[in-house]
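K.L.:
below is the sequence, then the predicted model.
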Amino acid sequence: MNITTIIFDLNETVVSLKLEDSTNRYLEQIGVQKLTLWKAVGVHWPGFETGQFGQEELLNRAFTDLHLDCSLVPLALEFIYDDIILVEGIEEILASLHGRYRLLMLAGDGEDFLNKKLEKFNLRHYFEKIYCTCYEGLRKFDAQIFQNLLTEEQLNPSECLYVDDRVEFVHNALDTGMNSISFLNVEQLKRELQKFAIFV
């Protein structure tokens, strides 16, 4: 088995969001607990993730559901962007793999959030090409998005390795013939990579 291309998920694999709100700024300045806001956002996420509308509309819909003041949407977006963090230790892995393997990304996100996450940590430096649900109009629950990537890049699936924290997406990648790793944390990822003779 000769892996030439490694395809990474974005959310909860490369970047994450701080879920705690130790300063209570969401509640004090927006009027709702952070987790409550994210649950409301999740209701409308499929449309955002497939490019049907942008971040302001996403937050406006969540704010409306929660009976919040929509004039505070820009403030909420500032808070959200502040909360974006790198998964601990992942940059070491990307830096080690970069140049030795072809790195691609298949993200499940809206365009606004995708670009902010990529820019905040200069992630485009590591990835030759970025694929995203918002550009494809498909969520990763649909295995066709994985097949589309393989076709577009003219890749042999047996030479590809897909890394994602969502088991269902890992299974969809496997169904296309790709090798896959279900991501839990960086140390586990290093161990799994070694099974493919990939050493960090």
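P.N.:
That came through, no problem.
K.L.:
which residue ranges of the chain form strands?
P.N.:
5-8, 15-17, 84-86, 102-107, 129-132, 160-164, 179-182 (DSSP state E).
K.L.:
and those: which comes nearest Lys116?
P.N.:
Nearest to Lys116 among the strands of the chain is strand 84-86 (6.9 Å), distances taken as Cβ to Cβ. Heads up, the C-betas are built off the backbone N, CA and C, glycines and all.
K.L.:
each with direction, which strands does the closest one pair with?
P.N.:
Strand 84-86 has these partner strands in its sheet, going by DSSP bridges: strand 15-17 (antiparallel).
K.L.:
the helix or strand that the partner strand is followed by - what's its average pLDDT?
P.N.:
Scanning forward in sequence from strand 15-17 by DSSP states H and E, the next helix or strand is helix 25. Helix 25 shows a mean pLDDT of 96 in the predicted model.
K.L.:
so how far is helix 25 from its chain's centroid?
P.N.:
25 Å (Cα atoms, centre = their mean, to the nearest Å).
K.L.:
who's in contact with it?
P.N.:
Helix 25 is contacted from outside by Phe79, using Cβ atoms under 8 Å, 6 or more residues apart in numbering.
K.L.:
one more time with 10 Å
P.N.:
Helix 25 has contacts (Cβ atoms under 10 Å, 6 or more residues apart in numbering) with 34, 75, 79, 82.
K.L.:
is it correct that the third one is in contact with Trp38?
P.N.:
No. Here Phe79 does not reach Trp38: they are 11.2 Å apart, not a contact under Cβ atoms under 10 Å.
K.L.:
how long is stretch 68-87 from one end to the other?
P.N.:
End-to-end distance of stretch 68-87 (Cα to Cα, to the nearest Å): 31 Å.
K.L.:
per-domain residue ranges of this structure.
P.N.:
5-16+87-194, 17-84 (automatic domain parsing).
K.L.:
got a list of what Leu17 touches?
P.N.:
By Cβ under 10 Å, 6+ apart, the neighbours of Leu17 are 11, 34, 38, 80-85, 113, 117.
K.L.:
so how far is stretch 98-117 from its chain's centroid?
P.N.:
Counting by Cα atoms, centre = their mean, stretch 98-117 comes out at 7 Å from the chain centroid.
K.L.:
ah, wrong one, I meant stretch 31-47
P.N.:
So, by Cα atoms, centre = their mean, the centroid of stretch 31-47 is 17 Å from its chain's centroid.
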